[in-house]
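Asker: Give the three-dimensional model of this entry:
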Amino acid sequence: MAFDSGESNVYVISVTVSNDLDKKLRTLLPALSDLESAFEGWMVYPVIVSLEFAKAFLHNDFMNAQQAGVALLSEEDLEPLRLAPPDLNAFRRFLVREFQTLKMIRENKTRTYVHTGF
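Answerer: Numbering: from 1, shown residues only. Presented below is the predicted three-dimensional model:
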């Protein structure tokens, strides 16, 4: 987990080195309600990070994550963290933008996944 105390956000992060993203979703989603209860007053944002490039993901992977409200990050999305020193502010802005996009898509009930990327 990562905490952004300035914004009262908790990022629940699940990491995989493969592209078995459906399995990650199935294990992450049941834990979210308990975490939301445990962090009352904080916004809980689920994130799946894969060390695979986005081109290795199936379209359904993006769609399933989007429908579950989970940000799906690929190897390319981790670029700011590779800098010396890591650019945590750029990574935070990316996460905020990704969840704003997910919220907009879910509220509009569109079926189009838009990966914002860097």
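
Asker: could you measure the residue nearest in space to the middle of the chain against Asn89, distance?
Answerer: Central residue of the chain (Cα atoms, centre = their mean): Ala71, 2.3 Å from the mean position. Distance, Ala71 to Asn89, using Cβ to Cβ, to the nearest Å: 17 Å. From N, CA and C alone the C-beta is placed, and that goes for glycine too.

Asker: show me where this structure has helices.
Answerer: With DSSP state H, the ranges of helices along the chain come out as 21-38, 59-68, 79-82, 88-108.

Asker: and the longest one, which residues are buried?
Answerer: So that's helix 88-108. 91-92, 94-95, 98-99, 101-102, 105 (16 or more other Cβ atoms under 10 Å).

Asker: Check the first one too.
Answerer: Residues of helix 21-38 classed as buried under the neighbour-count rule (16+ other Cβ under 10 Å) are 21, 24-25, 28, 32.

Asker: about what we covered before: run through the residues that contact the residue nearest to the centre of the chain.
Answerer: By Cβ atoms under 8 Å, 6 or more residues apart in numbering, the contact set of Ala71 is 45-48, 65, 95, 98-99, 102.

Asker: If we use 10 Å, what do you get?
Answerer: 11, 13, 45-49, 65, 77, 94-95, 97-99, 101-102, 115-116 (Cβ atoms under 10 Å, 6 or more residues apart in numbering).

Asker: hang on, the earlier thing: for the buried residues of helix 88-108, which one is nearest Met1?
Answerer: Leu95 (12.9 Å; Cβ to Cβ).

Asker: remind me which residues of this structure are low pLDDT?
Answerer: 109-118 (pLDDT under 70).

Asker: For the residue of the chain most remote from its centre, grab phi and psi.
Answerer: Here the centre of the chain is the reference, and by Cα atoms, centre = their mean the most remote residue is Ala84, at 23.1 Å. Dihedral pair for Ala84: phi -120, psi 110, per degrees, to the nearest 10.

Asker: same thing with the one 3 residues further on?
Answerer: In this entry, Asp87 is assigned phi and psi values of phi -90, psi 80 (degrees, to the nearest 10).
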